[in-house]
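Novice: Sequence below, structure please.
(one chain, ligands or ions: 1)
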Amino acid sequence: MQNQTYGTVLPSMMAYDRINAGLRIVLEQFRRGGANHAYLLTGAMGLGKRTFAKVLASTLFCMSEDKPCGVCEACRRVMSGNEPDVLEIYPEAGKQIPVDKVREVIRTVSQHAFGTGYRVVLIEPVEKMNAAGQNALLKSLEEPLSNVVFLLMTHELSATLGTIASRCVRIKMSPWPDELVQTALLAKGYAEDAVQRTVPLCGGNIGTALSLLEEDNNDEEIRSFVEASLSLSSDAAAVAVSTRLKDAKDKSDKLLAAVERAIHQTLLVKTGMLEESALEPLPAVWRQKSGSISLQSLNTMLEAIFCARRMRNAQVNWQSTVDQLMIKLLEEQTIWQQ
Ligand SMILES: [Zn+2]
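Specialist: Numbers count the residues shown, from 1 in each chain. Here you go, the predicted model:
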């Protein structure tokens, strides 16, 4: 699910207003062409600093009236890291940002731009620059170049050199309201059940929410259950999967949610709401067949899962509920195998 445009990260640009009014004010500055030459985005890891920095940058390159639109070629290039006038510096895992890298980027932005005239430098996190790196950067902040905008990010303001912080306009990222996290996760294709479980645990931190949901994805038992449920080809296989779900007891919720999410993601890919790459973590058999499966079949399967959950909540016999569910999944999967 890389290369997301923010249309799928946030329901709309105005959502930033609900995170905090300061974000909208800065966004307006960029829209009006009145961007400052340096900003420092602060806030805990996972609050969406880098995404917001890219939203700001895309405002400078967007080709639409209502900037940033998030869908035009320029916006997509910035968001996916393919805009040559937007230079991004991140450290390798566990390492510092090398000073040579900082110098090289500063040299590049002082030359001509490729496109509209703007050049943007993203550095995250600034505290990963050693003293030499920070000094090289300081010089550029003291003598601003026209049409060059620095978007610096820090997870920990106290670890950032005061001389750098004092030369930047500060932008504070706040925790998101719960309903905004929820909308963003649903838009990304996570199952409603899993989202409901995760939102109260993440304290408005979208990054934390995504890693909690990914943990579910990396769980071997969950993964093999999804694989089995989406590669049903016989009654015997359906019975075996059904037994696994009955025996899972406490985990049955998570197992069902994972299957639901996989089907929902397939639906989103088929309707063009998600990139094809969203299917990569799904079982190979399912991916191969997903091209020929109908939207109606996908919807029938989602409905069957929804129905099973409702039956369980209504205390209907779990064993027969699960059996019926697997028969339904088998039916839909064998229709399109014929
Ligand atoms: Zn655009």
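
Novice: can we go C-alpha only for contacts and neighbour counts from here?
Specialist: OK.

Novice: Tell me the spacing between residue 52 and residue 114.
Specialist: Distance, residue 52 to residue 114, by C-alpha to C-alpha, to the nearest Å: 23 Å.

Novice: correction: residue 170
Specialist: Look at residue 170 and residue 114: by C-alpha to C-alpha, they are 28 Å apart.

Novice: Please apply the same query to residue 48.
Specialist: 28 Å.

Novice: Near the ion, which residues of the stretch 1-150 of the chain? Just list them.
Specialist: Within the stretch 1-150 of the chain, the positions adjacent to the ion are 62, 68, 69, 70, 72, 75 by C-alpha under 5 Å from the ion.

Novice: Swap in 6 Å and give it another go.
Specialist: 62, 63, 64, 67, 68, 69, 70, 71, 72, 74, 75 (C-alpha under 6 Å from the ion).

Novice: Checking the second one next. Helix, strand or coil?
Specialist: Under DSSP: H, G, I helix; E, B strand; the rest coil, residue 63 falls in the coil class.

Novice: Tell me which helix or strand comes right after the top strand by length along the chain.
Specialist: As assigned by DSSP state E, the longest strand anywhere in the chain is strand 148-154. Moving toward the C-terminus from strand 148-154, the next helix or strand (DSSP states H and E) is helix 162-165.

Novice: hang on, the earlier thing: so between residue 52 and residue 114, which is more surrounded?
Specialist: When neighbours are counted by other C-alpha atoms under 10 Å, residue 52 and residue 114 differ, and residue 52 comes out ahead with 19 against 11.

Novice: Kindly indicate whether the more buried one is helix, strand or coil.
Specialist: Going by three-state DSSP: residue 52 is helix.

Novice: Could you measure from it over to the ion?
Specialist: Using C-alpha to the ion, to the nearest Å, we find residue 52 at a distance of 14 Å from the ion.

Novice: what about the closest residue to residue 285 other than its chain neighbours, distance to residue 213?
Specialist: For residue 285, ignoring the flanking residues on the chain, the nearest one in space by C-alpha to C-alpha, 6 or more residues apart in numbering is residue 231 at 6.2 Å. Distance, residue 231 to residue 213, by C-alpha to C-alpha: 23 Å.

Novice: now residue 289
Specialist: On the measure of C-alpha to C-alpha, residue 289 and residue 213 end up 25 Å apart.

Novice: Have a look at those two and say which one is more surrounded.
Specialist: More crowded of residue 289 and residue 213, by other C-alpha under 10 Å: residue 213, with 19 against 14.

Novice: Name the residues of the host helix or strand of that one that come out as buried.
Specialist: Assigned by DSSP H and E, residue 213 belongs to helix 206-218. Residues of helix 206-218 classed as buried: 206, 207, 208, 209, 210, 212, 213, 216, 217 (neighbour count, 16 or more other C-alpha atoms under 10 Å).

Novice: Now tabulate those residues in TSV and tack on distance to residue 41 and pLDDT.
Specialist: Below are the buried residues of helix 206-218 laid out as TSV (distance: C-alpha to C-alpha, whole Å; pLDDT from 0 to 100):
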residue	distance to residue 41	pLDDT
206	16	90
207	16	89
208	18	87
209	21	91
210	21	90
212	24	85
213	26	87
216	30	73
217	31	72
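
Novice: Point out where the protein drops to low pLDDT.
Specialist: Within the chain, the stretches with pLDDT under 70 are 1-14, 113, 115-116, 336-338.

Novice: what's the domain layout of it?
Specialist: As assigned by automatic domain parsing, the chain contains the domains 6-172, 219-335.

Novice: and those as TSV, adding distance to residue 198?
Specialist: Output for these, formatted as TSV (distance: least, C-alpha to C-alpha, whole Å):
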stretch	distance to residue 198
domain 6-172	15
domain 219-335	11
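
Novice: I'd like to know which of the ones you listed is closest to residue 184.
Specialist: Set against residue 184 and scored by C-alpha to C-alpha, the domains of the chain come closest in domain 6-172, at 5.3 Å.

Novice: So residue 80 versus residue 35, what's the distance?
Specialist: For residue 80, the distance to residue 35 - C-alpha to C-alpha - is 22 Å.

Novice: and these two? which has more neighbours close in?
Specialist: Set residue 80 next to residue 35 and count neighbours by other C-alpha under 10 Å: residue 35 wins out with 19 against 13.
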